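**Student:** quick one, structure for this:
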Amino acid sequence: MVVKNINELRDRIDASCATIGNFDGVHLGHQKLIARVRDRARILNIPSVVITFDPHPLRVLVDKKTPPFITLTEQKLELISKLGVDYVLCLKFTKELAALEPEDFVYKYLVQGLKVKELIIGYDYAFGKGRKGNYELLKKLGEKFGFIVEQLPPVMVDGAVVSSTRIRDLVQAGQVWEARKLLGRFYRVQGRVISGQKRGGPLLGFPTANICLKDELFPKTGVYAVWVEVLGQIKPGVANIGYNPTFGNDYLSVEAHILDFKQNIYNQDIKVHFVQRLRSEKKFSGLDALKKQIRADIELGRKILNTPEALLH
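**Tutor:** Numbering: from 1, shown residues only. From the prediction side, this is the model:
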């Protein structure tokens, strides 16, 4: 259950096991932490609570442009909820909240609000004014207010720490297959199908869904094997991210050709899961050369998506 205000929980729970974080991406490290909270809460027979923020604190505290986030709030809350916790408390992040001393935050939200018995945090988590709310301070406050603090070590994949920054770099480099190992799922974007340039079907013979995207983070331009969630179905597809250089576009677009699919999906919301990059964007000499390449892309995409490793879980 997602709640936006601490007062919604104050009268509902007498004790809790909680964690706190931004959880951008809800990657394997975040998943391990949240699963630990869920499992400890079940052992203690008390509710599990994940505290997170909207907007991301960087958007409020940093004047310069922040990096694109892996998951928008809607997807982040959906992914956390699927991990089986009782409550997700999504606090509105403001400069006033950021200015709270760690002691005041702990007392108001953790002690009075959630009646925390165990707090479990990630290896690098710190919060509050000046990021003074680190593990050492939390331990002292736990002794004062009567809760236990546990800090988990980082999760490692291929000899390096799983982090949101590492995932962002992989996605932006087009290495979506490698990003999956850190996310525990394929990277996805979502949006609404809009009317495009009418080139895919009429001109090329390969109808495409032109997507008006909500997300911020996009894989490197090029052609990808993808899974498309549409009208309650999961369909294989091939997607192009880029500027369509053959036609001289000057804006970034995402177009997905859904294999073996003929339904009208204008104005439908769809999700595109990026499995593997097939090639970079290139300019073709003409329509025949482009059609030939699209046929080859579809054949390769189909082969990749038919492998067990490419299945969408």
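**Student:** the residue most central in space within the chain and Asp54, how far apart?
**Tutor:** Taking CA atoms, centre = their mean, the centroid of the chain lies closest to Thr71, which sits 3.0 Å from it. For Thr71, the distance to Asp54 equals 11 Å [CB to CB, to the nearest Å]. For glycine as for every other residue, the C-beta is placed from the backbone atoms N, C-alpha and C.
**Student:** wait, the residue nearest to the centre of the chain sits on Leu79?
**Tutor:** Yes: contact criterion CB atoms under 8 Å: Thr71 and Leu79 qualify, at 6.7 Å.
**Student:** what are the C-alpha coordinates of the helix-or-strand element of the chain with minimal mean pLDDT, in CSV please?
**Tutor:** Counting by mean pLDDT, DSSP states H and E, the chain has its least confident helix or strand at helix 57-61, which shows a mean of 86. Presented in CSV, the C-alpha positions along helix 57-61 are these (Å, rounded to 0.1, in the frame of the first residue of the first chain):
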residue,chain,number,x,y,z
PRO,A,57,16.1,15.2,-3.5
LEU,A,58,18.6,16.2,-6.2
ARG,A,59,15.8,17.9,-8.1
VAL,A,60,15.1,20.1,-5.1
LEU,A,61,18.6,20.7,-3.8
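**Student:** from the chain's centroid, how far away is the helix or strand Leu33 falls within?
**Tutor:** Applying DSSP states H and E as the criterion places Leu33 in helix 28-44. Relative to the centre of its chain, helix 28-44 is centred 19 Å away, using CA atoms, centre = their mean, to the nearest Å.
**Student:** go on, stretch 263-276?
**Tutor:** Mean-position distance between stretch 263-276 and its chain equals 17 Å (CA atoms, centre = their mean).
**Student:** list the buried residues for that stretch?
**Tutor:** 265, 270-276 (16 or more other CB atoms under 10 Å).
**Student:** the helix holding Leu33 - what's its average pLDDT?
**Tutor:** Averaged over helix 28-44, pLDDT sits at 98.
**Student:** likewise for stretch 291-309?
**Tutor:** According to the model, stretch 291-309 has a mean pLDDT of 94.
**Student:** burial measure for Gly286, as a count.
**Tutor:** 8 (other CB atoms under 10 Å).
**Student:** ok, now the one 10 residues further on?
**Tutor:** Summarising burial for Ala296: neighbours were counted as other CB under 10 Å, giving 13.
**Student:** sorry, back to before: now the angle from the very next helix or strand once past the least confident helix or strand of the chain to helix 28-44?
**Tutor:** Counting by DSSP H and E, the element after helix 57-61 in chain order, helix or strand, is helix 73-81. Inter-element angle recorded for helix 73-81 and helix 28-44: 50 degrees (by axes from the mean of the first three to the mean of the last three CA atoms, to 10 degrees).
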